[in-house]
Each structure stands twice: as C-alpha cells, then as structure tokens.
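A.B. asks: no sequence on this one, just coordinates:
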C-alpha cells in the first residue's frame, strides 16, 4: 500500500477495512469476537475502541496459522471458530451463514471461489472423488497446480478442539518460512475429517486488499451495489458509477440524485428532493421538496421543507433552516438558525446567528462573530431587510421589521421598524482629471 498506516485501516466507503469485517462478524450469532493484531496495534485498537472485542497481540508476524495459535488458548474447546480476515472487507453475511451451517455436519467448512485469473491465491486441490485434500499456496504451487481456478477464500469454520491439535502441529517449511493455516486442510484429510466446501456468493467479496488499485476496485464495486439497492427502492440515481454513499441513508420516494454526489455519515432525507451534481452531504436531516443545486456542501445540519440550497452554498455544522428558506450561491451558514421564508441569496457569511422569519439578507452581508478570543451571537428578528454589503458586528440584535441600509456597519442594537444607516458623507469634486501614465 506504500503507507505508514496499518493496511486494515485504509478506508472503504469512509470506514476502515477492519470495521467492515467486524460489522459482518457482528451479524453472525456468536459468543465472542477476537481480533489478532500486530503492526500498528494501538492505532488498530483505537479504531474499534468502543466495540465488543477481545484483543490478542501477535508479537511476531509468522503467518496465519501462528496468528490463530495466539488466540486459541482463550477459546473453549467445544466452540466452533469462524476465521475472518481484516483485509477482506466485502465478505457477505450470506456466505458466512452458509459457512457456519455447513460446519455443523462435518466440523470443518471452507469458503472457496473461482477466479479466471487466480494469481496470488492458494489453489484448492481435489481428489478423484472431488473431495478437497489440500490447499497449495501460489509460491509453492507447481506450474500445473497454478492453472487451477478454484481458490481458497481464507474463511473457514472449525471446531476449536481439533483446530488446537492441527495448529500446534504446523511447521514453516515453505518458501515464506511462515505457519500457513491452510495446511490444516491436509491434516484434516489425514485424520479422516471431511472438509465441506462452500462457494462464495461472488468473486469480489473474497478479494483481499493489498494494493491501492485493489482498494479502488473494491470501493467502486461497493458503491455500485449501494446505488442499485437504492434504485431498487425507488431512488433516482443518474449514474451508479458516479455515486458514493459512505454511511447510512434513510430516504423517501421520488428523489433524484445527479452525478458525483457524495453522501456521508447518518442521513435522513424526505420526499421529492433533487440533488444536483458535485454535492457533498454529511450527517444531515433534509425535509420534503428540497432543491440542492450544484457544488453545495451540507454538514451536520437540519434542512426544512421546500428549501433551496446553492449553487456553491456551504451549510456548516449545527445549522437549522426552517421551511421555505433560500440559501443562494456562495453563501456560508455556520451554527445558525434561519426562520421560515428567510432568504440569503448571494455572497454572504452568517455565523453564530439566529434569524427570524421572512427576513432578507442582502448580497455581501457578513456577521462579524469572532472578536479574536470568542464567538459572539447575532440576533435578527422577523421581516427584517438587511441591505447589501452590511457588516453586523456581534454581539448585536436587530429587532422585528427594521431595515439596514446597504453599506452599513452595525455596532449597536437596532429598534423595531426603524432604519439603521451608517455611511460617510459622499463628496463630488467637479472637473476631476484622472491621473494618466507618462
């Protein structure tokens, strides 16, 4: 990966690879989940620090068999063990359930897959009765064995008691000098334990992530699956190959999402929403009949019904827009409340403000909320008209029905139904000759 970060902490759909695997494991009925960690252990643990996990350190990374060996002393011998891999993030709940159920008969089930180009994967070796008798790693396989297209997906279920015996009998006599967990298949055959194969639901779900290219392929597959699921539920997505959902989305009906939209975190969207190209929406609640125009960003905010956002608008965290609010191009809202029918259509910054209903914020208006030490609040009432190029120096209150003339700097509270204006006197100099270049 050419990275100082542990591989399993690289992100897929906004979450570490390991988190995807953990969430898959959580869906399977279990007694306990163990994670064996090595490189970057503290960083790995912090990623899932609030989860129900027993952590086991592998001080030396001597192979998959050695990794499993570290955790076996903690597991009752009567338990069945499901082994998963932190760098195989797309494993499905369906495949895992099949694997667990298959082990109920023989005590040993193994997930396999067919690859047209199986380079890098251990090959499944079968006998004349089509029973699995061994797994040969790529580097140890003969030229003939490398032509086999059925590969070991790595995932398996086996009874702890017999796994203990096999793992403690492993050796590292191979080209990588590692203890391969895959060697237990041959041991099972020697002990007359049948290995029950389970074919993975899809090829992509068992692909490990070892390169940036593989990570991007997994990302696109994951996103296309998400997009098709949403379309099956009635969401209009212009191009599934240019849509990204990096979180959890609850969405209503008759919604249209254009290209290059990124949705992150926990989202709740109502009905009849249109989202134009190149928008980013994160941790937001959005009402019905909302239009979000191109290149807008909404983060950790609540948007009411019948609102218009953008283009090129930015709604920053802790903002609340009531119904029928319009926030136009190059307007930034931060930690503010805008009342019903209020409009800020052009080139404004509104921060730490509370604005009433049916108020107009003109072009170039700035709430000067930061004094260099702390943030201060601006309060604007109902039916207020704030003209263009106004500076509101907080803390300040603008009461209902008042008007702020264009170009005014407000430093004091403004009474209801009054006009506030502060401008230097305009002067004209007759017969003025403009300077010229020599």
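C.D. replies: Everything's here; your move. In this text the structure is predicted, and so the values were computed from the model without any measurement.

A.B. asks: burial check on residue 416, number of neighbours?
C.D. replies: 13 (other C-beta atoms under 10 Å). C-beta here means a position set from N, CA and C on the backbone, and glycine is covered the same way.

A.B. asks: what segments of the stretch 51-200 of the chain are helices?
C.D. replies: Using DSSP state H, counting those that start in this stretch, the helices of the stretch 51-200 of the chain run over 64-71, 93-106, 160-167, 184-190.

A.B. asks: what about the third one, average pLDDT?
C.D. replies: Going back to what we said before, that points to helix 160-167. Mean pLDDT, helix 160-167: 92.

A.B. asks: ok, now the last one?
C.D. replies: Throughout helix 184-190, pLDDT has a mean value of 91.

A.B. asks: who's in contact with residue 257?
C.D. replies: Going by C-beta atoms under 8 Å, 6 or more residues apart in numbering, residue 257 touches 235-238, 243, 275.

A.B. asks: for it, give the beta-bridge partners.
C.D. replies: With DSSP bridges as the criterion, residue 257 is bridged to residue 237, residue 275.

A.B. asks: and stretch 219-226, which residues are buried?
C.D. replies: 219, 221-223, 225-226 (16 or more other C-beta atoms under 10 Å).

A.B. asks: out of those residues, which one sits closest to residue 30?
C.D. replies: Residue 30 lies nearest to residue 222 out of the buried residues of stretch 219-226, by C-beta to C-beta, at 23.8 Å.

A.B. asks: beta partners of the residue nearest to residue 386 when sequence neighbours are not counted?
C.D. replies: Nearest residue to residue 386 in three dimensions, chain neighbours excluded: residue 404, at 4.6 Å (C-beta to C-beta, 6 or more residues apart in numbering). Beta-bridge partners of residue 404, counted by DSSP bridges, are residue 386, residue 420.

A.B. asks: how many other residues sit next to residue 404?
C.D. replies: For residue 404, the count of nearby residues is 27 (other C-beta under 10 Å).

A.B. asks: same check, this time on residue 171
C.D. replies: What residue 171 shows, counting by other C-beta under 10 Å, is a neighbour count of 10.

A.B. asks: same question, residue 318
C.D. replies: Neighbours of residue 318 using other C-beta under 10 Å come to 15.

A.B. asks: helix or strand: which one has it?
C.D. replies: For residue 318, there is no helix or strand it lies in under DSSP states H and E.

A.B. asks: okay, it: pLDDT?
C.D. replies: 98.

A.B. asks: near the residue lying closest to it once chain neighbours are set aside, how many other residues are there?
C.D. replies: Closest residue to residue 318 apart from its sequence neighbours, by C-beta to C-beta, 6+ apart: residue 335 at 4.3 Å. Neighbourhood size, residue 335 [other C-beta under 10 Å]: 18.

A.B. asks: great, nothing more from me.
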